[in-house]
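Chemist: just the structure for this:
(one chain, ligands or ions: 1)
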Amino acid sequence: MSYDDNNIFAKILRGEIPCKKIYEDEFVLSFHDINPQKKIHALVIPKGKYIDLDDFCRNASTNEMVGMFKGIEKVSKKLGISMDSGKGYRVLSNIGVDGGQEVPHLHFHLFGGEKIGRMVS
Ligand code: AMP
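Modeler: From the prediction side, this is the model:
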């Protein structure tokens, strides 16, 4: 499977579709999920063209990997849910069909602002 340049997050990265931006740097873009499942539901995506976490782990550079995870931590701080705040949050990435992935551009969901509950249902 090759990367689909027409997926919705690719369009957001190109500025063709708006998003409610939270944070951006050279490696990541973060914005609020359009259909929040919890009080806080943010997405963090790499700027590189990676389909999913599997693709990212195989093909991303070390800098991109570090940038991705640093980005998640920066977003959690910006949202006031980092461990500095004493609150905490959940990070989740769906991969492929069984993982329930809908958008084929790697993304991490950040859930917080309330108790998140069971890990899986
Ligand atoms: P997944 O099922 O892990 O692929 O999650 C895709 C997520 O993208 C869902 O939570 C959607 O609500 C979210 N989503 C889809 N389109 C947009 C958009 N235009 N802006 C923000 N979030 C979106």
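Chemist: next, count neighbours for the closest residue to Phe27 other than its chain neighbours.
Modeler: Leaving aside its sequence neighbours, Phe27 sits nearest to Gly67 (CB to CB, 6 or more residues apart in numbering; 2.7 Å). No exception for glycine: its C-beta is placed from N, CA and C like everyone else's. The number of residues packed near Gly67 is 20, by other CB atoms under 10 Å.
Chemist: need the contact list for Gly67.
Modeler: Contacts for Gly67 (CB atoms under 8 Å, 6 or more residues apart in numbering) come out as 25-28, 46.
Chemist: let's see 7 Å
Modeler: Counting by CB atoms under 7 Å, 6 or more residues apart in numbering, Gly67 makes contact with 26-28.
Chemist: element containing it, please.
Modeler: Using DSSP states H and E, Gly67 falls within helix 62-78.
Chemist: remind me what the lengthiest strand in the chain packs against, helices and strands.
Modeler: Criterion DSSP state E: the longest strand present in the chain is strand 40-46. Counting contacts by 3 or more CB pairs under 7 Å, 6 or more residues apart in numbering; DSSP states H and E, strand 40-46 packs against strand 28-32, helix 62-78, strand 108-112.
Chemist: the ligand contacts on this protein?
Modeler: With CB under 6 Å from any ligand atom as the criterion, the chain meets the ligand at residues 8, 17, 19, 31, 33-35, 43, 94, 100-103.
Chemist: now which of the residues you listed would you call buried?
Modeler: 8, 19, 31, 33, 43, 94, 101, 103 (16 or more other CB atoms under 10 Å).
Chemist: assumed the last one was part of a strand.
Modeler: This points to Val103. No: assigned with DSSP: H, G, I helix; E, B strand; the rest coil, Val103 falls outside any strand and is coil.
Chemist: any chance of CSV for the buried ones among the residues of the chain next to the ligand, columns pLDDT and distance to Lys78?
Modeler: Listed next are those as CSV, based on pLDDT from 0 to 100; distance: CB to CB, whole Å:
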residue, pLDDT, distance to Lys78
Ile8, 98, 23
Cys19, 98, 15
Phe31, 98, 12
Asp33, 98, 15
Leu43, 99, 13
Asn94, 98, 23
Gln101, 98, 25
Val103, 98, 22
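Chemist: many thanks, we can stop here.
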